[in-house]
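Asks: The amino acid sequence is not available; the structure is as follows:
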């Protein structure tokens, strides 16, 4: 084992800065915490900033909960200029004058609210025959892509000034904000590209709770650890099921349990003696283990006094 690394469990809400890839940001944060194991929960492009939850240790087992969650962005869209990549990094391929009023812009935004279809951009990590699309475009190749259904739950015009607008987008997983910007520009007849993007929320986590790299670098290790949220903060949408000590032992061994619970069928957060134990699946009165904390992690959680949040 690397002596510089240590076991650490929890969730850090990180404010990713401009120009860093999500993986480089993860590496920097992991090094600051000297953590054995860490992973992020949804990539942000280098040109995007904002909320990037980073999971340490046992929390990585439950990170999919955020991958599937709704996300909220603040996006700056340049009208009248179309680029090869759909963002500010790409070569300009078309420009035109913009003669729009705010009412026209608001009308176009209404048409993009709700269920829509998007064609994923070639400059993306979406895979085709095992390779990311961006590898094809680097070779000058274009791949036929099928449209995908996504949901824009909220689309708000925050500012509009002639050829630029700022919008807030709350959307389902798999939504490409630069594709949304391009499609809105096409609907307005002038084209557009994404000039800036900041993620402000994922599920119930807000950017205001996040810590910047500069803040973390200025902290002592104990202060950094105090920034971590408990593992079960990733699962606040799941109902809580309390188990006794014997039930926790049996389910940790992979056994199914017969439980007397009024909870509806589906996934539940499991607690034993008030301490988070993992996630199970209820079907009738049968409880099946889905993903559990390791024994060492449960012991550590017991020492921390973590309590379930209904």
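Replies: Sure, I can see it. As the structure is a prediction and not an experimental result, all values here were calculated from the model.

Asks: was I right about residue 116 contacting residue 150?
Replies: Yes - between residue 116 and residue 150 there is a contact under C-beta atoms under 8 Å: 6.3 Å. Any C-beta I mention is one placed from the backbone N, CA and C, and that applies to glycine too.

Asks: now for the helix or strand harbouring residue 23, which elements pack on it?
Replies: Take DSSP states H and E as the rule and residue 23 turns out to sit in helix 22-33. Taking 3 or more C-beta pairs under 8 Å, 6 or more residues apart in numbering; DSSP states H and E as contact, the helices and strands that helix 22-33 lies on are strand 10-16, strand 38-40, strand 48-56, helix 213-217, helix 221-225.

Asks: Relative to the whole chain's centre, how far out is the shortest one?
Replies: Using C-alpha atoms, centre = their mean, to the nearest Å, the distance from the centre of strand 38-40 to the centre of the chain it belongs to is 11 Å.

Asks: contact partners of it?
Replies: For strand 38-40, the surrounding residues in contact (C-beta atoms under 8 Å, 6 or more residues apart in numbering) are 22-23, 25-26, 29-30, 52-57, 60, 63.

Asks: Let's see that with 6 Å instead.
Replies: With contact meaning C-beta atoms under 6 Å, 6 or more residues apart in numbering, strand 38-40 is reached by 22, 26, 30, 52, 54-56, 60.

Asks: Same check on the longest one?
Replies: Outside strand 48-56, the residues within contact range by C-beta under 6 Å, 6+ apart are 8-14, 16, 18, 29, 35, 38-41, 44, 63, 66, 197-199, 202, 207, 210.

Asks: re earlier: tabulate the contacts of strand 38-40 (CSV), appending neighbour count and pLDDT.
Replies: Conversion of these to CSV gives the following (neighbours: other C-beta atoms under 10 Å; pLDDT from 0 to 100):
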residue, neighbour count, pLDDT
22, 19, 92
26, 20, 96
30, 20, 97
52, 26, 97
54, 25, 97
55, 26, 97
56, 23, 97
60, 19, 95
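
Asks: just those residues now: which is nearest residue 183?
Replies: Nearest to residue 183 out of the contacts of strand 38-40 is residue 22 (C-beta to C-beta; 24.6 Å).

Asks: thinking the closest one is in contact with residue 43, fair?
Replies: Yes - here residue 22 reaches residue 43: they are 4.5 Å apart, a contact under C-beta atoms under 6 Å.

Asks: Strands of the stretch 201-310 of the chain, start to end?
Replies: Under the criterion DSSP state E, counting those that start in this stretch, the stretch 201-310 of the chain contains strands at 205-206, 211-212, 240-243, 257-258, 266-272, 275-283, 286-292.

Asks: need those in a markdown table with mean neighbour count, distance to residue 120 and mean pLDDT, can you?
Replies: Shown next, in a markdown table, are those (neighbours: other C-beta atoms under 10 Å; distance: least, C-beta to C-beta, whole Å; pLDDT from 0 to 100):
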| stretch | mean neighbour count | distance to residue 120 | mean pLDDT |
| --- | --- | --- | --- |
| strand 205-206 | 18 | 25 | 96 |
| strand 211-212 | 15 | 31 | 98 |
| strand 240-243 | 18 | 38 | 96 |
| strand 257-258 | 14 | 42 | 94 |
| strand 266-272 | 21 | 29 | 96 |
| strand 275-283 | 21 | 30 | 95 |
| strand 286-292 | 17 | 29 | 95 |
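
Asks: Which pair of the contacts of strand 38-40 spans the longest distance?
Replies: Largest separation among the contacts of strand 38-40 by C-beta to C-beta: 22 and 56, giving 15.5 Å.

Asks: Just the mean pLDDT for stretch 81-98, thanks.
Replies: What stretch 81-98 shows for mean pLDDT is 93.

Asks: Nearest spatial neighbour of residue 115, chain-adjacent residues omitted?
Replies: Of all residues not flanking residue 115 in the chain, residue 151 sits nearest, at 5.3 Å (C-beta to C-beta, 6 or more residues apart in numbering).

Asks: so where does residue 157 fall, helix or strand?
Replies: strand 148-160.

Asks: actually residue 179, sorry about that
Replies: In this structure, residue 179 sits in helix 177-188 according to DSSP H and E.

Asks: Compute the inter-axis angle for that helix and strand 148-160.
Replies: When axes from the mean of the first three to the mean of the last three C-alpha atoms, to 10 degrees is applied, the directions of helix 177-188 and strand 148-160 differ by 70 degrees.
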